[in-house]
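Participant: Only the shape, not the letters, is given here:
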């Protein structure tokens with residue numbers, strides 16, 4: 001059964017059905033690693049890593065994966081859930097079950113339903129969007145899906161969010177006693193160099209992207225020795241180690 005903000009909410013002012021001053025209702029889907037709030041916010045995680053950035057903020061509830069809608073006729077913009085762009089003349093509804101979360105927004109002649117499910121046999125999320133035109137005139141809509149990728153432990157991301165965003169581009173990530181080196185440089189970056197300090201050791205990392213656009217790791221060499229894959233073992237020997245990578249198209 002779908003519940004609207006009007007049904008469970010506090011007040012109705014100028015056509016909006018807000019639940020001001022109340023904590024958002026949430027649904028934790030069956031894999032235990034996908035959470036959706038009534039406003040369409042929430043997170044998806046894998047082990048101890050957040051796939052999308054999220055903060056426990058009951059006052060804003062603005063973190064997660066969202067779908068924006070724009071009516072090309074009048075340029076009105078809103079979101080399928082109550083966040084992040086709440087349309088005052090829109091009725092928002094939600095329903096939470098163990099295997100899925102459902103969101104609905106209705107405004108004028110446009111009815112949009114979003115179903116968020118998790119796959120039973122693996123950690124994967126599926127989103128289905130159904131749009132109905134209830135009027136007699138054709139509608140032209142523009143849809144934009146957005147999420148802020150995190151791929152980091154939530155506590156570490158909260159402490160250093162700027163580094164986490166840069167880390168996604170540089171592709172340098174510590175994983176326990178290992179260092180993953182898998183850059184995803186913009187096409188106009190010829191490369192970069194950085195020092196990664198770990199204990200008493202320093203790893204001088206050189207990334208060569210001079211061959212042009214290409215996000216594949218062609219070679220990884222540590223202290224003159226080729227390495228299979230994209231992961232190296234971190235050292236504690238107090239030395240300076242040379243790490244060289246070459247990017248390109250396979």
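Facilitator: Now that the structure is in, tell me what you want to look at. What you see is a predicted model, and the numbers here were worked out from it, not measured in a lab.

Participant: Where does the prediction get shaky in this protein?
Facilitator: Counting by pLDDT under 70, the ranges of the chain that qualify are 1-23, 31, 58, 159-169, 185-187, 210-215, 250.

Participant: mind listing the helices for it?
Facilitator: For the chain, applying DSSP state H gives helices covering 5-8, 154-159, 161-170.

Participant: what about the residue nearest to residue 29 when sequence neighbours are not counted, neighbour count?
Facilitator: With C-beta to C-beta, 6 or more residues apart in numbering as the criterion, residue 29 has its nearest non-adjacent residue at 4.8 Å, and that residue is residue 118. C-beta here means a position set from N, CA and C on the backbone, and glycine is covered the same way. Residue 118 has 20 neighbours, counted by other C-beta atoms under 10 Å.

Participant: any idea how far residue 234 is from residue 118?
Facilitator: Residue 118 is 34 Å from residue 234, where distance means C-beta to C-beta, to the nearest Å.

Participant: wait, isn't residue 219 in contact with residue 245?
Facilitator: Yes - between residue 219 and residue 245 a contact is recorded at 6.8 Å, counting by C-beta atoms under 8 Å.

Participant: Which one's more surrounded, the two?
Facilitator: Per other C-beta under 10 Å, whichever of residue 219 and residue 245 has more neighbours is residue 245, with 23 against 12.

Participant: related to what we said a few turns ago, ok, now which ones touch the residue nearest to residue 29?
Facilitator: 29, 30, 31, 34, 99, 100, 124, 125, 126 (C-beta atoms under 8 Å, 6 or more residues apart in numbering).

Participant: separation between the first one and residue 115?
Facilitator: Residue 29 sits 11 Å away from residue 115 when distances are taken as C-beta to C-beta.

Participant: which one of the two has more residues nearby?
Facilitator: Neighbours were counted for residue 29 and for residue 115 using other C-beta under 10 Å; residue 29 has more, 21 against 15.

Participant: ok, the more buried one touching residue 120?
Facilitator: No - using C-beta under 8 Å, residue 29 makes no contact with residue 120, being 11.0 Å away.

Participant: hey, what's the residue most central in space within the chain bridged with?
Facilitator: Nearest residue to the geometric centre of the chain (C-alpha atoms, centre = their mean): residue 52, 2.9 Å. Going by DSSP bridges, residue 52 is paired in beta bridges with residue 149.

Participant: ok, it to residue 147 distance?
Facilitator: 5 Å.

Participant: ok now stretch 146-154, how far from the chain's centre?
Facilitator: Its chain's average C-alpha position is 5 Å from that of stretch 146-154, according to C-alpha atoms, centre = their mean, to the nearest Å.

Participant: One more: stretch 27-41?
Facilitator: That offset, for stretch 27-41, works out to 14 Å (C-alpha atoms, centre = their mean).

Participant: Residues in contact with that stretch: which ones?
Facilitator: Outside stretch 27-41, the residues that reach it (C-beta under 8 Å, 6+ apart) are 3, 5, 19, 24-26, 42-46, 54, 61-64, 66-67, 79-83, 92, 94, 96-101, 103, 114, 116-118, 120, 123, 125.
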